[in-house]
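Novice: Curious how this folds, go ahead:
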Amino acid sequence: MSLKSLCRKLVRKPSSLDVLLLFDKPITILQPICDLLDNWRYDEDQGEYQPVYEEFGSILLLVLSFVHRYNLSPVDLGISSPTSFISKHINQGHLSRATENLTEQEQNHLDGWIRGLFDNDRGGLGDELMSSCPPQDFYLLVPTLFNHMVLACSTNNLSDEGLKSGLEYLVDTFLLPSLIPGITWLSSHLWESRGDANAVLQILSALITNPANISNNPEASQMLNAILNIVAKNLEHSLRWLQRAEPQRQDVEPLSKALRGNLGWERRGASDHTELEGWTSTPGGGLAIAIKNTIGGLVQWGLNSGININPANYTHRQILVGLNILGAKRLLQTIIEEVKQQTELGNGSVVVDIATALICAPDASSWDGNLPIISDTHIQPLQRRMNLREALKLEAEAAPKIHKTDTFHAETVIRLFRRVEAQMVIQQPILLAHDGMDELNVGLHDELGMGAASLVGGGASQIIEDVLSGEADFQMSGVGMMAADMGGTDLLDGFGDGMGDGMGF
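Specialist: The predicted structure follows:
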């Protein structure tokens, strides 16, 4: 399978991105791909350039899906050079530039794309344009291209037919990923200039609600859906703002309706605006009281668990919001205060478990461990904010002094700190060494007879190695058949009651 095909399959199923990140960090997966895109070059004997754009766009779409789904920065991707195309695209790829800020080459490229897309007399897009303008340069010019498109529509210098023919190129698979910076710019432009709203909505309608020549192309339709996943949230916010500003408009609702199936795609831990308003308006102290109420609800649920008991109203988004608004130290003090209060009520063991889980929950800073070393000549990452574990460590270090004035507080902090440290220890699996097989073989010889002993002595060690290497197939192996002959589906059950304990399972 080619890299282009693999990238397209992954972006069609967003849950596959979640699965990948269960096993490795974004930097490990994406840094080689970003290096490939940054160093993309044409072959000397390049015959056609449209397939090159198509392959580049498919790979770029995968990277942008990761970036927007998890709110990744260039540092998260392992990018250290300020001249990196991916870095420029993430930080500036949605910004239009004035004509006087373009170089002569960029201006020539922009003129070429405008004529190629909208001037049918010039014969449309050709290899000459794409051979002179590498994909990296084109994607950085897309917002400026859309700016000129909106300006031409709003001043009646671009007819509806001309706009339609130009957008037909943009919804073809080799240019479709360029809609990400294009629609992102259109979303921002709605906030800046309502005078161009008619032209912006005309272009958006042509791209989203009625894209030309895309219904008969399943590949393009699936790619467009992946693109709408990325841009839907910001665009929906802009459309909602425009509808409030101009309630009489009838062309906003169809676009909002078309985007509803693409909302909620992000996995950033960010709260919805209605959630945030509810938490911050909690009587008695706002967000801090809301977090205390949540912990109290979890405690009561833990004490009165049962089939007919409704679970506590909890989302970790509230803790992440508290970390961003209150900061790690204030949030930790809020948690400690609730732990002390619940301990006085006799619920100390439950509330300490809950507080430990909240503090140990991983966040984006958990990815910082394997970031590349960045030299002084390259981008320096922003200083990371303190997390709850670090704040608790500082609080524990100050506990001896606090103990003199507030014994209960100091003891609560130390107890919580020890529980968190114990929770964060990585448990190493206990595996049976090869040298122990002979002793196990002797013991099994007396208990089960020569057949089983020979299996363990000669075959079990290999099976364990196969399990560790992921190559075991218990359904087809001799072990699976032997378990079936013993009248059970579990090999250890067939060997006897004491076998599991003897092997450390």
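Novice: What number of residues are in the vicinity of residue 317?
Specialist: Counted with other CB atoms under 10 Å, the neighbours of residue 317 add up to 16. For glycine as for every other residue, the C-beta is placed from the backbone atoms N, C-alpha and C.
Novice: any idea which element it lies in?
Specialist: helix 316-325 (DSSP states H and E).
Novice: Please name every helix or strand in contact with that helix.
Specialist: Here helix 316-325 touches helix 273-280, helix 287-303, helix 328-344, going by 3 or more CB pairs under 8 Å, 6 or more residues apart in numbering; DSSP states H and E.
Novice: tilt between the last one and helix 287-303?
Specialist: Calculated by axes from the mean of the first three to the mean of the last three CA atoms, to 10 degrees, helix 328-344 forms an angle of 40 degrees with helix 287-303.
Novice: Can you name every helix or strand that helix 328-344 contacts?
Specialist: The contact analysis (3+ CB pairs under 8 Å, 6+ apart) places helix 328-344 against helix 287-303, helix 316-325, helix 348-360, helix 388-397, helix 407-424.
Novice: Distance from the top helix by length along the chain to the middle of the chain?
Specialist: If you go by DSSP state H, the chain has its longest helix at helix 218-245. Counting by CA atoms, centre = their mean, to the nearest Å, helix 218-245 is centred 18 Å from the centre of its parent chain.
Novice: Run a quick neighbour tally on residue 396.
Specialist: 19.
Novice: Apart from its chain neighbours, what residue comes closest to it?
Specialist: In space, and not counting its chain neighbours, residue 396 is closest to residue 417: 3.9 Å by CB to CB, 6 or more residues apart in numbering.
Novice: What is the burial count for that neighbour?
Specialist: With other CB under 10 Å as criterion, residue 417 counts 19.
Novice: and what of residue 405?
Specialist: 8.
Novice: Tell me the secondary structure at it.
Specialist: Under DSSP: H, G, I helix; E, B strand; the rest coil, residue 405 falls in the coil class.
Novice: Show the contacting residues for the closest residue to residue 251 other than its chain neighbours.
Specialist: Excluding its sequence neighbours, the residue lying closest to residue 251 (CB to CB, 6+ apart) is residue 201, at 5.1 Å. If you count contacts by CB atoms under 8 Å, 6 or more residues apart in numbering, residue 201 has them with 251-252, 255.
Novice: about what we covered before: out of the helices and strands packed on helix 316-325, which is closest to residue 78?
Specialist: The closest of the helices and strands packed on helix 316-325 to residue 78 is helix 328-344. By CB to CB, the value is 26.0 Å.
Novice: Rounded mean pLDDT for stretch 256-268, please.
Specialist: Stretch 256-268 carries an average pLDDT of 90.
Novice: how far out from the middle of the chain is it?
Specialist: In this view, stretch 256-268 has its centroid 15 Å away from the chain centroid, taken as CA atoms, centre = their mean.
Novice: list the buried ones in it?
Specialist: 256, 258-259, 262, 265-266 (16 or more other CB atoms under 10 Å).
Novice: how about the residues you listed in TSV, adding secondary structure and distance to residue 84?
Specialist: As requested, these are exported to TSV (DSSP: H, G, I helix; E, B strand; the rest coil; distance: CB to CB, whole Å):
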residue	secondary structure	distance to residue 84
256	helix	35
258	helix	34
259	helix	31
262	helix	29
265	coil	26
266	coil	24
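Novice: wait, which of those is closest to residue 388?
Specialist: For those, the residue nearest residue 388 by CB to CB is residue 266; the value is 23.0 Å.
Novice: Nearest residue to the closest one in space, please, no chain neighbours.
Specialist: residue 69 (5.8 Å).
Novice: Equivalent analysis for residue 228, please.
Specialist: residue 262 (4.4 Å).
Novice: Does residue 413 touch residue 403 like I think?
Specialist: No. The criterion here is CB atoms under 8 Å, and residue 413 misses it with residue 403 at 9.4 Å.
Novice: Neighbour count: the two, which is higher?
Specialist: Under the criterion of other CB under 10 Å, the comparison of residue 413 against residue 403 puts residue 413 first, with 23 against 15.
Novice: Domain-wise, how is the chain divided?
Specialist: Following automatic domain parsing, one gets these domains for the chain: 3-262, 273-373+384-424, 434-503.
Novice: what about the first one, distance to the chain center?
Specialist: Right, the one you point to is domain 3-262. 19 Å.
Novice: that older thread, is it correct that the residue nearest to residue 396 is in contact with residue 392?
Specialist: Yes. Taking contacts as CB under 8 Å, residue 417 lies within contact range of residue 392: 5.6 Å.
Novice: Pull up the gap between the closest residue to residue 252 other than its chain neighbours and residue 274, please.
Specialist: Leaving aside its sequence neighbours, residue 252 sits nearest to residue 243 (CB to CB, 6+ apart; 4.6 Å). Distance, residue 243 to residue 274, using CB to CB, to the nearest Å: 17 Å.
Novice: Please apply the same query to residue 107.
Specialist: Residue 107 is 46 Å from residue 274, by CB to CB.
Novice: Look up phi and psi at residue 6.
Specialist: phi -60, psi -40 (degrees, to the nearest 10).
Novice: burial of it, as a residue count?
Specialist: Residue 6, neighbours per other CB under 10 Å, totals 13.
Novice: What of residue 296?
Specialist: Residue 296: 18 neighbours (other CB under 10 Å).
Novice: so it makes contact with residue 342?
Specialist: Yes. Judged on CB under 8 Å, residue 296 makes contact with residue 342 at a distance of 7.0 Å.
Novice: hang on, the earlier thing: among residue 107 and residue 274, which residue is more densely surrounded?
Specialist: Neighbours per residue (other CB under 10 Å) separate residue 107 from residue 274, with residue 107 holding more: 15 against 8.
Novice: what pLDDT does the residue lying closest to residue 275 once chain neighbours are set aside get?
Specialist: Excluding its sequence neighbours, the residue lying closest to residue 275 (CB to CB, 6+ apart) is residue 317, at 6.7 Å. Residue 317 carries a pLDDT value of 88.
Novice: Run a quick neighbour tally on residue 316.
Specialist: 13.
Novice: do you know how far it is from residue 358?
Specialist: 8 Å.
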